[in-house]
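**Student:** predicted model, plus sequence, below.
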Amino acid sequence: MSTPKAFDLLVVGEINPDLILTGDVEPVFGQVEKLVDSATLTVGSSSAIFACGAARLGLKTAFVGVCGADVFGRFMLEQMRLRGIDTDYVQVRAEGATGLSVILVRGVDRAILTYPGLIPALRAEDVPSEVLGRVRHIHVASYFLQTNLQPGLPGLFREARARGVTTSLDTNYDPSGQWQGFETLLAETDVLFLNEVEACSLSREADVESAARKLATRVGTVAIKLGARGALAVQGHRRVYAPGLPVTVVDTVGAGDSFDAGFICGYLNGWDLERALRLAVICGSLSTRAAGGTAAQPTLTEALDVLVHWERVGLSLSTGGQ
């Protein structure tokens, strides 16, 4: 008999809070002071928001990352621990500063200013080998921001899979526009998350359908987020589509990370592709009901209530087209 794992999920990623400002947020230089409507310091970074969403869904979650011994680092660690995330593997470094994103929200539009701080500092060697024997799945996000992690990530995923651990990757956007260096990494990735622009950019295809089919020849499962239109997933020759869930949107920050958490929850629970994709769409959609990436993330019970209702009223997934 196999030994039960201590954790369902290990997240290897960046740690930084978001400072969200709303209202008339366009700065005016020349030492002009303006008043804004609200300011909220909240959990930021794709990896941490994903971890919070997964823990909220009931997955036993551990985190490996790097932060500074400063107020932002302490805030992030406290918030993750309050959400049930094990942070014992996080390194707190006195010689560096925790990153920060300032998000300027004006209506449905936003601008983001990010100070990287220690975001690029994490290396694959910082992931203790022993923790790989204690988890079922490993997830990495913000690939292009974590520059020191990139060289060793294929080897880390390879070691994890050799131990029976499944892997997932959300690349997020490549600011350089190059989208290079993925051949070895994708071969070691079980689940790949992208949005429509990222999927077309990575695959060098002009449309999301072609992108999905091409990427599915390189990765076991591909899930592509389509915003309000829902999502598309491909697994081998199987293609499914889930429509968006109508909600009153307050803030879309972190919706894609909550989507990822929902999909991995279904994936680790052995759900079929259709149901896992539905859960992902529900989690991503419900997360937009409040400001910040984590305030409105659903519990599994809440998400299942919506899922069961959809199934009861006959929600169908397309297997041919949207």
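**Tutor:** Perfect, I can see it now.

**Student:** which residues of the stretch 1-150 of the chain fall in helices?
**Tutor:** Counting by DSSP state H, counting those that start in this stretch, one finds helices in the stretch 1-150 of the chain at the ranges 46-56, 71-82, 129-132.

**Student:** a markdown table please, covering those and showing mean pLDDT, distance to Val208 and mean neighbour count.
**Tutor:** Bear in mind the C-beta positions are built from the backbone N, C-alpha and C, glycine included. Rendered in a markdown table, the data for the helices of the stretch 1-150 of the chain read as follows (pLDDT from 0 to 100; distance: least, CB to CB, whole Å; neighbours: other CB atoms under 10 Å):
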| stretch | mean pLDDT | distance to Val208 | mean neighbour count |
| --- | --- | --- | --- |
| helix 46-56 | 98 | 21 | 29 |
| helix 71-82 | 98 | 33 | 18 |
| helix 129-132 | 93 | 33 | 14 |
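
**Student:** and those helices as JSON lines, adding distance to Cys283?
**Tutor:** Below are the helices of the stretch 1-150 of the chain laid out as JSON lines (distance: least, CB to CB, whole Å):
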{"stretch": "helix 46-56", "distance to Cys283": "6"}
{"stretch": "helix 71-82", "distance to Cys283": "18"}
{"stretch": "helix 129-132", "distance to Cys283": "25"}
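
**Student:** apart from its chain neighbours, what residue comes closest to Ala199?
**Tutor:** Of all residues beyond its chain neighbours, the one nearest Ala199 is Ala211 (4.1 Å), with distances taken as CB to CB, 6 or more residues apart in numbering.

**Student:** before we move on, back to that, of the helices of the stretch 1-150 of the chain, which is nearest Arg312?
**Tutor:** Nearest to Arg312 among those is helix 46-56; the distance by CB to CB comes to 23.9 Å.

**Student:** coming back round to it: the residue nearest to Ala199 and Gly230, how far apart?
**Tutor:** 16 Å (CB to CB, to the nearest Å).

**Student:** between those two, which has more neighbouring residues?
**Tutor:** Ala211 (25 against 22; other CB atoms under 10 Å).

**Student:** follow-up on the earlier one: could I get the pLDDT score of the residue nearest to Ala199?
**Tutor:** With respect to pLDDT, Ala211 has a value of 96.

**Student:** can you check which of the helices of the stretch 1-150 of the chain gets nearest to Pro298?
**Tutor:** Put simply, out of these the one that sits nearest Pro298 is helix 46-56, at 6.9 Å, with distance taken as CB to CB.

**Student:** how far away is Asn16 from Met76?
**Tutor:** In this view, Asn16 and Met76 are 7 Å apart by CB to CB.

**Student:** brain fart, Ala231
**Tutor:** 28 Å.

**Student:** residue ranges with poor pLDDT in the stretch 51-200 of the chain?
**Tutor:** 108 (pLDDT under 70).

**Student:** kindly recompute the last result at 90.
**Tutor:** 105-112, 114, 175-177, 180-183 (pLDDT under 90).

**Student:** one more: the stretch 201-322 of the chain?
**Tutor:** Applying pLDDT under 90 to the predicted model, the residue ranges of the stretch 201-322 of the chain that meet it are 237, 244-246, 249-253, 291-292, 309-322.

**Student:** tell me where it has helices.
**Tutor:** The residue ranges that make up the helices of the stretch 201-322 of the chain, judged by DSSP H, counting those that start in this stretch, are 208-215, 255-268, 273-286, 300-312.

**Student:** among the ones you listed, which is nearest Gly244?
**Tutor:** Within those, the stretch nearest Gly244 is helix 273-286; the backing value is 6.4 Å (CB to CB).

**Student:** relative to helix 300-312, how tilted is that closest one?
**Tutor:** Interaxial angle, helix 273-286 versus helix 300-312 (axes from the mean of the first three to the mean of the last three CA atoms, to 10 degrees): 120 degrees.

**Student:** contact partners of helix 273-286?
**Tutor:** 53, 57, 221, 223, 225, 230-231, 233, 235, 238, 240-245, 247, 255-256, 258-263, 265-267, 271, 296-298, 302-304, 306-307, 310, 315, 317 (CB atoms under 8 Å, 6 or more residues apart in numbering).

**Student:** out of those, which end up buried?
**Tutor:** In terms of neighbour count (16 or more other CB atoms under 10 Å), the buried residues within these are 53, 57, 221, 223, 225, 230-231, 233, 235, 240-243, 245, 247, 255-256, 258-263, 265-267, 296-298, 302-303, 306-307, 310, 317.

**Student:** surely the residue nearest to Ala199 meets Val197?
**Tutor:** No: counting by CB atoms under 8 Å, no contact exists between Ala211 and Val197, whose distance comes to 9.9 Å.

**Student:** who's in contact with the closest residue to Val234 other than its chain neighbours?
**Tutor:** In space, and not counting its chain neighbours, Val234 is closest to Ala216: 4.1 Å by CB to CB, 6+ apart. Ala216 makes contact with 222, 234-236, according to CB under 8 Å, 6+ apart.
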